[in-house]
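J.: could you look at this predicted model? Sequence included:
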Amino acid sequence: MLKDITLGQYFPGNTVVHRLDPRAKILLVLAYIVFVFSIKNFVGYALLAAFTLACIFISQVPIRFVLKGLKPIVVFIVITGLFNLFLTDGEPIFTWWIFTVTKEGVGFAAFMILRLFFLILGTSLLTLTTSPIALTDGLEQLLSPFKKIGLPAHELAMMMTIALRFIPTLMEETDKIIKAQSARGADFESGNILRRAKAMVPILIPLFISAFRRADELATAMECRCYRGGENRTRLRELKLGKVDLGGVLAFLLLGIAVFGLNFWLGPSVGVR
Amino acid sequence: MHTDIITISQLCFQYHNEETGLDIPVLQGIDLTVKKGEFLAVLGHNGSGKSTLAKHLNAILTPTSGKVLVEGIDTADEKRLYDIRQRVGMVFQNPDNQMVANIVEEDVAFAPENLGVPRDEIRKRVDAALESVGMTKFKQHAPHMLSGGQKQRIAIAGVLAMQPDILVLDEPTAMLDPSGRKEIMQAIKRLNREQGMTVVLITHYMDEAVQADRVVVIDHGTIRMEGTPQAVFPKVKELKGLGLDTPQATELIYLLNQKGANLNPEILDSETCVAELLRNIEINR
């Protein structure tokens, strides 16, 4: 049961979107986020929607996978929308009891919803089309200039790699412990929340002990394989910027010009600050 | 041609128990040499000090007193630490706790990456290491999808990628099922025979030690017996006294000889045992 969990939410493929260098992809997603928050009118969002849809289409990731990323934050989006709808000052459209909806409120609420929506969509597409390893590699390289000011880029990446490596192992272990404790009469399913939380203790303690033992053994094994931190380390896989990445950058450049151009020519829509 | 590759002289090791304040001796004056290209098995029951001995071979532990020389390098010399570790590859019991990456070939590449080997050379070493343990077609797999024996073969490949001269395996089959154990023993023997790899196998399985060129039995931190399997295993009584078993065939012959039979005691497997028994029957006809 626990074994069925997928690592991250990577959707394997070999499309142009998948083949983009992870560093380029991370930076492009950052640019995308800047665009999302810079757009000041609905025409801009229409353009962004078209661009995003095109990216999803090219990546061949089923649209429902992309939308699944929205699920955990739907409540958040709705609440943000409602607050902005009712609490924005301006020209009232109608009043009911203590609630007043203003023209500006409607506009601003729509904007906030759109921003959050596209923010999640863009970042989901990144994690859906980039394997965790590539993502880690990309982050390590992007962060390496900050080593000079003491940011442990290599160590962070190594920790991420090991964490990813041990998720399935520890899942399996948890499964085993649950079975072993159930066989000895432990009850994990009945009782109120407090009781169930208490029932987790006999699972967590052996799991923690074993995790520490594993960490100790892994450290020895890594030392045996001459691990000594990130200095002078070479890599099997090289990240190379290619034509695909140039294409991606150009596409985003055009999108950026269009977005800021539209902001300039059409001006902000109602309610946008 | 048989030069000494590891020389251990008067090796003592003790650790300090914080609770009782006592120094507990683990190894007490070990003298041992490992010859280039040989397959040495170190036998001993739990707590005999055999794993501690293994950890001295690549400077994970350093002697309290005495010396360990690996190709002439003293393991106590901290400046040469990585030279020693690169020369002596170490494989442990639990394959899961030796793997770093979640793709097989990335994991095998870990050691050469640490050594700063150029990229093309890493590629070559990874491919060669996977080839020599017969795991080439799994190179893009995730380790947690493999069987125990396969995982342990990846762990061996991960060490081979350092191009070590000596392979030390600390109970590599203890957590594996019988088919996994067979896979590992075959891989080890092939490396020893075909690539001339010096192998030190720490084990408590008799049937594995039987396959070695030379056996060393340790107990309470001292070497108690040493010699070829043919010389060591017929000493059934002594071995039992050290809490160890003998191969079944050897024990059968031993018991028959106790009852007055006159059989060759240097028998280690069932096939030669059967042949010896048949020969005896022929003679007595």
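T.: Arrived safely.
J.: the nearest residue to B:Ser270 once chain neighbours are set aside: which element?
T.: Closest residue in space to B:Ser270, ignoring its immediate chain neighbours: B:Ala249 at 5.0 Å, by CB to CB, 6 or more residues apart in numbering or on different chains. C-beta here means a position set from N, CA and C on the backbone, and glycine is covered the same way. According to DSSP states H and E, B:Ala249 maps onto helix B:248-258.
J.: model confidence over the very next helix or strand once past that helix, on average?
T.: Using DSSP H and E, the helix or strand that follows helix B:248-258 in sequence is helix B:270-284. In this model, helix B:270-284 has a mean pLDDT of 87.
J.: what does helix B:270-284 contact?
T.: The contact list for helix B:270-284 (CB atoms under 8 Å, 6 or more residues apart in numbering or on different chains) reads B:Gln248, B:Ala249, B:Leu252, B:Ile253, B:Ala261, B:Asn262, B:Leu263, B:Asn264, B:Ile267.
J.: filter the residues you listed down to just the buried residues.
T.: Buried members of these, scored by 16 or more other CB atoms under 10 Å in any protein chain shown, are B:Ala249, B:Leu252, B:Ile253, B:Leu263, B:Ile267.
J.: which elements pack onto the helix or strand of chain A with the lowest mean pLDDT?
T.: Sorted by mean pLDDT, DSSP states H and E, the helices and strands of chain A end with strand A:92-96, the least confident at a mean of 79. In terms of contacts (3 or more CB pairs under 8 Å, 6 or more residues apart in numbering or on different chains; DSSP states H and E), strand A:92-96 is packed against strand A:99-102, helix A:103-129.
J.: counting contacts, what elements does the following helix or strand past the last one pack onto?
T.: Counting by DSSP H and E, the next helix or strand C-terminal to helix A:103-129 is helix A:132-143. Secondary structure elements in contact with helix A:132-143, counted by 3+ CB pairs under 8 Å, 6+ apart, are helix A:22-38, helix A:153-183.
J.: now for the buried ones among the contacts of helix B:270-284: which two are most distant?
T.: Farthest apart among the buried ones among the contacts of helix B:270-284 by CB to CB are B:Ala249 and B:Leu263. That separation is 10.7 Å.
J.: all strands for chain B, in order.
T.: Using DSSP state E, the strands of chain B run over B:4-16, B:23-35, B:39-43, B:65-70, B:73-74, B:88-91, B:166-170, B:198-203, B:214-219, B:222-227.
J.: what packs against the third one?
T.: Applying 3+ CB pairs under 8 Å, 6+ apart, one finds that strand B:39-43 makes contact with helix B:50-57, helix B:178-194, strand B:198-203, helix B:206-209, strand B:214-219.
J.: for B:Ala41, find the nearest of those.
T.: Closest approach to B:Ala41 among those is made by helix B:206-209 (3.9 Å; CB to CB).
J.: then that closest one to CSV, C-alphas only?
T.: Written as CSV, here are the backbone C-alpha positions of helix B:206-209 (Å, rounded to 0.1, in the frame of the first residue of the first chain):
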residue,chain,number,x,y,z
MET,B,206,31.3,-22.1,6.0
ASP,B,207,30.2,-22.9,2.5
GLU,B,208,31.5,-19.5,1.4
ALA,B,209,34.8,-19.8,3.2
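J.: other residues contacting that helix?
T.: B:41, B:43, B:173, B:181, B:185, B:201, B:203, B:215, B:229, B:233, B:244-247.
J.: how about TSV for the residues you listed, with pLDDT added?
T.: Shown next, in TSV, are these (pLDDT from 0 to 100):
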residue	pLDDT
B:Ala41	95
B:Leu43	92
B:Thr173	93
B:Arg181	93
B:Met185	94
B:Leu201	96
B:Thr203	91
B:Val215	94
B:Pro229	92
B:Phe233	90
B:Leu244	88
B:Asp245	84
B:Thr246	86
B:Pro247	86
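J.: do you know how far the residue nearest to B:Ser270 is from A:Thr80?
T.: Counting by CB to CB, to the nearest Å, the gap from B:Ala249 to A:Thr80 is 78 Å.
J.: tally of neighbours for A:Leu254?
T.: A count of nearby residues for A:Leu254, using other CB atoms under 10 Å in any protein chain shown, gives 11.
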